[in-house]
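>>> No letters, just coordinates:
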């Protein structure tokens, strides 16, 4: 619960306590007796008129910025809300007087009141209903309340006709409509749609109403789809950037005819990068790439060309980049995109978001694309294995590469100090630099915060001979690993492999050779020693098991 929610919670509790305490409806404000907010929301919102909202937000905001506790703000905000209500009752003859039944517009026709507390770069501001739920009506619908209180009764769609809007804006009511739409006759479906159609845009932007609109789009009634598409026309960009309506746009891109999809994409021209970088709009761009043939979105793809590296390093853009690689059928453009990505393989592999794009190429790319990634990563494989983000790419590579490539990686991990490939310009920390001069690559990785996971993955996927050589080196550092902060993960992993059926002689692992002795061995002597390791006798270093 954020600060604004807490403020509104306390303020509404205080207002209810002041307005209804005399009638026995007050809510206790004593410490430790606060009711649960989700359970209270349905009680509080019917009490909140627009005048009360404006009054307590204005009073509360002033004292909130001054640092006053939320519980103290409650009384001030409640008093302001009560005073505003009293003033409104005096000014509006339709409240509580003889003119109570005077014709008035429905509450949902009033403009939505927005709290401008959104700190993002989206064009639309935060809404009260974004924080705490759907827009509420000044008067709670009696039929909706009856439905909530009598869920055991058998309700049908015909029972709520005339109240479709109220039900659509409620969580339980919206769910009821979605469930019943599949069971309606064509006449009943027409009657239900006729009631919600005039307020289609409002429902698209609502936390619960958007699901009702999506359901009507799913019903495969062409006239209904065309009516909703007409309402979206000219509004596609704003709807794509909104938390709830972006889901409706995605559904429309799935079900509408191609001509209308192309028209929707055209409305996004000039704002494509804005959508890509938006937490809601990026989902719409992904759906465009999935559902609209490549030949109709060339302008979109050309907008991204030349910006693929920065796009891949963006938290939302990396998702769009993966969809492009999956669905782009223009071979010339695809090749250009892939070339641009591959040139930055090492850079992207070390990036917080770019690593997902490289993993995607490794996992779903063509064999020659996977080989290109391997060729660029291999010279730096030890350093990258100890990088927070690139280590994930190395693990993915170990799973997807060929047997020969995997063998070359294992050999690189087993190289002696001073015989490993250069860093190739990759920055090392001082600690990594010192260890690189003194330790085997495998020893570095086993005791590294991220490298130990690469070692674990290597033990899982390598063949028997490779695993035998790796475990013989693990034996040399077994006692050190047991007390190492990250090395103990290797020991734990070996125990799990044992329980899963891998035949490793634990007794031999408990008799390690000191690291100093291992380092002093000449390379030829070491290779002979590793080749002469016993295979199945008690006390041997390793008995290779099945992968």
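Arrived safely, thanks for sending. The structure presented is a predicted model; accordingly, all values stated were derived computationally and were not measured. Numbers count the residues shown, from 1 in each chain.

>>> Only the buried residues of whatever helix or strand residue 371 lives in, if you could.
For residue 371, the enclosing helix or strand under DSSP states H and E is helix 367-377. Judged by neighbour count (16 or more other C-beta atoms under 10 Å), helix 367-377 contains these buried residues: 369-370, 372-374, 376-377. C-betas here are computed from N, CA, C, even on glycine.

>>> packing partners for it?
The contact analysis (3 or more C-beta pairs under 8 Å, 6 or more residues apart in numbering; DSSP states H and E) places helix 367-377 against helix 331-343, helix 345-349, helix 354-364, helix 390-400.

>>> in stretch 360-368, what counts as buried?
For stretch 360-368, the neighbour count (16+ other C-beta under 10 Å) marks 360-362, 365 as buried.

>>> give the contact list for the residue nearest to residue 264 when sequence neighbours are not counted.
Nearest residue to residue 264, sequence neighbours excluded (C-beta to C-beta, 6 or more residues apart in numbering): residue 236, at 4.9 Å. Residues near residue 236 by C-beta atoms under 8 Å, 6 or more residues apart in numbering: 249, 264, 267-268.

>>> do you know how far residue 236 is from residue 378?
46 Å (C-beta to C-beta, to the nearest Å).

>>> okay, the angle between the helix holding residue 371 and helix 331-343?
When axes from the mean of the first three to the mean of the last three C-alpha atoms, to 10 degrees is applied, the directions of helix 367-377 and helix 331-343 differ by 20 degrees.

>>> So what touches helix 367-377?
Helix 367-377 is contacted from outside by 338, 342, 345-346, 349, 358, 361-362, 365, 384, 390, 393-394, 397, 400-401, 405, using C-beta under 8 Å, 6+ apart.

>>> Buried residues of the helix or strand containing residue 302, list them for me.
Secondary structure assignment for residue 302, by DSSP H and E: helix 298-304. By neighbour count on 16+ other C-beta under 10 Å, the buried set for helix 298-304 is 300-301, 303-304.

>>> now stretch 456-473
Buried residues in stretch 456-473, counting neighbours by 16+ other C-beta under 10 Å, are found at 456-462, 466-473.

>>> can you check stretch 312-325 too?
Result for stretch 312-325 [16+ other C-beta under 10 Å]: buried residues 312-314, 316-325.

>>> Give me the contact list for that stretch.
The contact list for stretch 312-325 (C-beta under 8 Å, 6+ apart) reads 276-279, 282, 285-286, 289-290, 301, 304, 308, 310-311, 334, 337-338, 341, 344, 348, 351-354, 356-357, 360-361, 364-365.

>>> what packs against the helix holding residue 302?
Contacts defined by 3+ C-beta pairs under 8 Å, 6+ apart place helix 298-304 against helix 272-276, helix 281-291, helix 317-327, helix 331-343.

>>> try 10 Å
When contacts are defined as 3 or more C-beta pairs under 10 Å, 6 or more residues apart in numbering; DSSP states H and E, helix 298-304 sits against helix 258-266, helix 272-276, helix 281-291, helix 308-312, helix 317-327, helix 331-343.

>>> Which elements pack onto the first one?
Secondary structure elements in contact with helix 258-266, counted by 3+ C-beta pairs under 10 Å, 6+ apart, are helix 222-232, helix 236-240, helix 245-255, helix 281-291, helix 298-304.

>>> Is it possible to get a markdown table of these that adds distance to residue 215?
Shown next, in a markdown table, are the helices and strands packed on helix 258-266 (distance: least, C-beta to C-beta, whole Å):
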| stretch | distance to residue 215 |
| --- | --- |
| helix 222-232 | 10 |
| helix 236-240 | 17 |
| helix 245-255 | 9 |
| helix 281-291 | 18 |
| helix 298-304 | 29 |
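
>>> What spatial separation is found between residue 284 and residue 209?
For residue 284, the distance to residue 209 equals 18 Å [C-beta to C-beta].

>>> I should have written residue 228 there, sorry.
12 Å.

>>> do residue 449 as well
In terms of C-beta to C-beta, residue 449 sits 47 Å off from residue 209.

>>> what's the answer for residue 474, then?
Taking C-beta to C-beta as the measure, residue 474 falls 59 Å from residue 209.

>>> now residue 322
As judged by C-beta to C-beta, residue 322 and residue 209 stand 31 Å apart.

>>> what does residue 246 give?
For residue 246 relative to residue 209 (C-beta to C-beta), the value is 14 Å.

>>> now residue 276
Distance from residue 276 to residue 209, by C-beta to C-beta: 27 Å.

>>> Give me the more crowded residue out of the two.
Using other C-beta atoms under 10 Å, the more surrounded residue of residue 276 and residue 209 is residue 209, with 30 against 23.

>>> low-confidence ranges in the stretch 401-547 of the chain?
Counting by pLDDT under 70, the stretch 401-547 of the chain has low-confidence residues at 416-439, 497-547.

>>> wait, I meant the chain
Residues of the chain that meet the criterion pLDDT under 70 lie in 1-139, 416-439, 497-547.
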